[in-house]
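>>> Pasted the sequence and its predicted model underneath.
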Amino acid sequence: MILTPTGLESLRSQLIVSCQAYPGEPMRDPRTTAQMAASAVIGGAAAVRVQGLADVQHTRAAVEVPVIGLWKDGHDGVFITPTLRHALAVANAGAHVVAIDGTRRHRPDGLSLAATVAGFRADSHALVMADCASYDDAAAAVDAGADLIGTTLAGYDGQRPKTHGPDLELLEQIAAAGLGKPLIAEGRIHTPDQARQALDAGAYAVVVGTAITHPATISGWFATALHS
Ligand SMILES: CC(=O)N[C@H](C=O)[C@@H](O)[C@H](O)[C@H](O)COP(=O)(O)O
């Protein structure tokens with residue numbers, strides 16, 4: 001299955017579940033990621049988002065819904081699918097959509113976002129999701145040719161404060177501008193109410209990660225509540 005921009009209609013107002021375990025964690029295994037993704041689909045996820053080439057491969061085989069893939073390389077600066085090479089590798093692993101850093105920061109391979117998207121299009125039919133951190137990033141990512149705009153990096157690169165829940169103000173700002181590409185709310189959506197608020201703020205679809213698929217963090221929330 002190739003996902004086309006028109007095919008994105010299947011994601012309208014839907015839940016997307018991000019399934020990620022971090023290096024060194026007990027659940028950091030591509031088979032576990034794929035099992036989490038399949039479980040999320042049973043619960044109603046219309047798409048899933050996974051990190052790492054093996055995770056993309058295993059998840060593609062485990063679910064029928066679109067797979068958004070990314071490759072985190074490092075943890076500072078531009079690290080979400082930071083270069084064209086990373087993006088093509090994620091697409092070749094089977095991702096329908098490749099999520100890449102969509103900020104205006106310098107990229108490790110020196111390419112602009114527009115050059116990255118153009119180079120990607122030359123070799124892949126997969127769609128591109130730009131993980132942005134601000135309104136200016138989002139506008140630039142649309143100009144650069146991205147198919148979807150995510151608020152993934154809002155609060156993580158210093159452009160905007162790290163809100164306690166989702167950055168609803170940013171969602172409203174981007175949605176009000178009518179940039180013409182699906183706006184994906186992502187980042188710190190921890191409750192069903194917050195997911196709903198993100199849609200009401202103008203998001204096309206909502207990504208939830210930690211609150212569904214990261215038991216170490218969720219356990220911490222409960223443990224802290226008991227001890228405070
Ligand atoms: C900033 C960054 O590296 N975000 C990553 C992007 O893939 C993931 O670590 C997040 O879990 C994902 O964005 C979903 O967000 P949340 O887990 O808050 O629901």
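Nice, I can see it.
>>> Give me every residue in the protein lying close to the ligand.
18, 20, 70, 80, 152-153, 156, 186-189, 207-211 (C-beta under 6 Å from any ligand atom). Every C-beta, even on glycine, is put in place using the N, C-alpha and C of the backbone.
>>> what about 5 Å?
Residues of the chain found near the ligand (C-beta under 5 Å from any ligand atom) are 18, 152, 156, 186-188, 209-210.
>>> farthest pair in those?
18 and 156 (14.4 Å; C-beta to C-beta).
>>> Any idea how many residues pack against the residue of the chain found nearest the ligand?
The nearest approach of the chain to the ligand comes at residue 209, 2.9 Å away (C-beta to the nearest ligand atom). The number of residues packed near residue 209 is 21, by other C-beta atoms under 10 Å.
>>> Give me the nearest residue to residue 176, chain neighbours excluded.
residue 202 (7.0 Å; C-beta to C-beta, 6 or more residues apart in numbering).
>>> ditto for residue 167
Spatially, and ignoring its direct neighbours in sequence, residue 167 is nearest to residue 154 (4.3 Å; C-beta to C-beta, 6+ apart).
>>> Tally up the residues packed near that neighbour, please.
Around residue 154 there are 29 residues (other C-beta under 10 Å).
>>> do residue 78 as well
Neighbours around residue 78, by other C-beta under 10 Å: 20.
>>> Residue 203 now?
Every residue meeting other C-beta under 10 Å relative to residue 203 is counted, giving 27.
>>> give the contact list for the residue lying closest to it once chain neighbours are set aside.
Nearest residue to residue 203 in three dimensions, chain neighbours excluded: residue 185, at 3.7 Å (C-beta to C-beta, 6+ apart). Counting by C-beta atoms under 8 Å, 6 or more residues apart in numbering, residue 185 makes contact with 150-151, 166, 171, 195, 198-199, 201, 203, 205-207.
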